[in-house]
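Student: How does the following fold in three dimensions:
(one chain, ligands or ions: 1)
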Amino acid sequence: MKYLKNTLIPLLAGVVLFSSIIEARESKNKAGRYFGVSSLPTDYEQFDVNQWTIDTSNDGRIAVNNVRGIGGEWRNTGVFLIYAQAWWFAGKVNGELRVAGNEFSADMEVGPYGGNPNDPSVRTYNVKKSMLADPLAFADFQEWPADQGAPWVDVDGDGVYTPLPGGTDHPEFIGDQVIWSIQNDGVASKKAISSGLPTNIEVRTTMFGFDRPDAFGDIVFVKHDLRNPTSDDVTDAYLGV
Ligand SMILES: [Ca+2]
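Tutor: Next up, the predicted model:
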């Protein structure tokens, strides 16, 4: 990725670790874990549909250490293999270096570029395929942010998200669990990591995974859609996890 000009750049990064790494103890009960802890504007949610339990957020960080002290746990064993994980983006605007850095905190503002970070609609949305059995019980299913760009299935084809059971639509379950949020690097006062001028990129983040007994159950996928909402080109652009 060398050039970002008002275009969509989907990236797919995989977090892969194999079961042979750890002689895991299966001593804990998944059902006892919380599902959804919110504190706007940063909103934490938990990925926990397969061998991984990962706390994530809507501010550009992938695995966060804020919730339980360490970000990624393997097989509910108390063995944490990820302390914290995030991505960095850098490029040039009018020849000047700009950086969006995220680590134990984030340069990113939550929500869409130019939006209100305190609006409850910019939270981290967390849905599972199992919610199809009782979709009315889950606010993130009912309020799935199709209008913000989250993936969804318009079953009745009318262009409007009308979720089950009142309607026919539902989030697009590209995995057995899908966690979605939007964030932007457009607020200079938020940039505690890089301290520089904003890159002004807007990012739509999709974390998903599969509840399967094979190697897919050992993987967490994270997709980042980077968009440039300004008329200033970002050149010589790089993204790394
Ligand atoms: Ca519809």
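
Student: drop to CA atoms for contacts and neighbour counts, all remaining ones
Tutor: Will do.

Student: so where's the protein shaky on pLDDT?
Tutor: Along the chain, the parts satisfying pLDDT under 70 run over 1-40.

Student: and if we set it to 90?
Tutor: Scanning the chain for pLDDT under 90 picks out 1-41, 66, 68-70, 76, 78-79, 103-105, 192-195.

Student: what residue of it is the furthest out?
Tutor: Distance from the C-alpha centroid of the chain, by Cα atoms, centre = their mean, peaks at G95 (30.1 Å).

Student: From the ion, how far off is that one?
Tutor: 45 Å (Cα to the ion, to the nearest Å).

Student: Begin at 49 from now on, thanks
Tutor: Sounds good: first residue 49 from here, last item G143.

Student: tell me the contacts of that residue?
Tutor: T283 (Cα atoms under 8 Å, 6 or more residues apart in numbering).

Student: same question, the one 5 residues further on
Tutor: For A148, the contacting residues are 136-138, 155-156, 233, 239, 242, 246-247, by Cα under 8 Å, 6+ apart.

Student: Sort out which one of those residues lies nearest P165 for me.
Tutor: M156 (10.7 Å; Cα to Cα).

Student: Not counting its neighbours along the chain, what's nearest that closest one?
Tutor: In this structure, M156 finds its nearest non-sequential neighbour in D233, 4.8 Å apart by Cα to Cα, 6 or more residues apart in numbering.

Student: Just give me the neighbour total for D281.
Tutor: 18 (other Cα atoms under 10 Å).

Student: what about the residue sitting nearest the centre point of the chain, distance to F128?
Tutor: Geometric centre of the chain, nearest residue: T253, 4.1 Å, by Cα atoms, centre = their mean. T253 sits 23 Å away from F128, going by Cα to Cα, to the nearest Å.

Student: Name the next helix or strand following the strand or helix carrying the residue nearest to the centre of the chain along the chain.
Tutor: Element membership for T253 (DSSP states H and E) is strand 250-257. Reading on from strand 250-257 to the C-terminus, the next helix or strand found by DSSP H and E is strand 267-275.

Student: which neighbours does that following strand have in its sheet, and in what orientation?
Tutor: Taking DSSP bridges as the criterion, strand 267-275 sits next to strand 57-64 (antiparallel), strand 250-257 (antiparallel) in its sheet.

Student: Counting by contacts, list what the very next helix or strand once past that strand packs against.
Tutor: Once the chain leaves strand 267-275, the next helix or strand it forms, by DSSP H and E, is strand 282-288. The helices and strands touching strand 282-288, judged by 3 or more Cα pairs under 8 Å, 6 or more residues apart in numbering; DSSP states H and E, are strand 51-52, strand 136-141.
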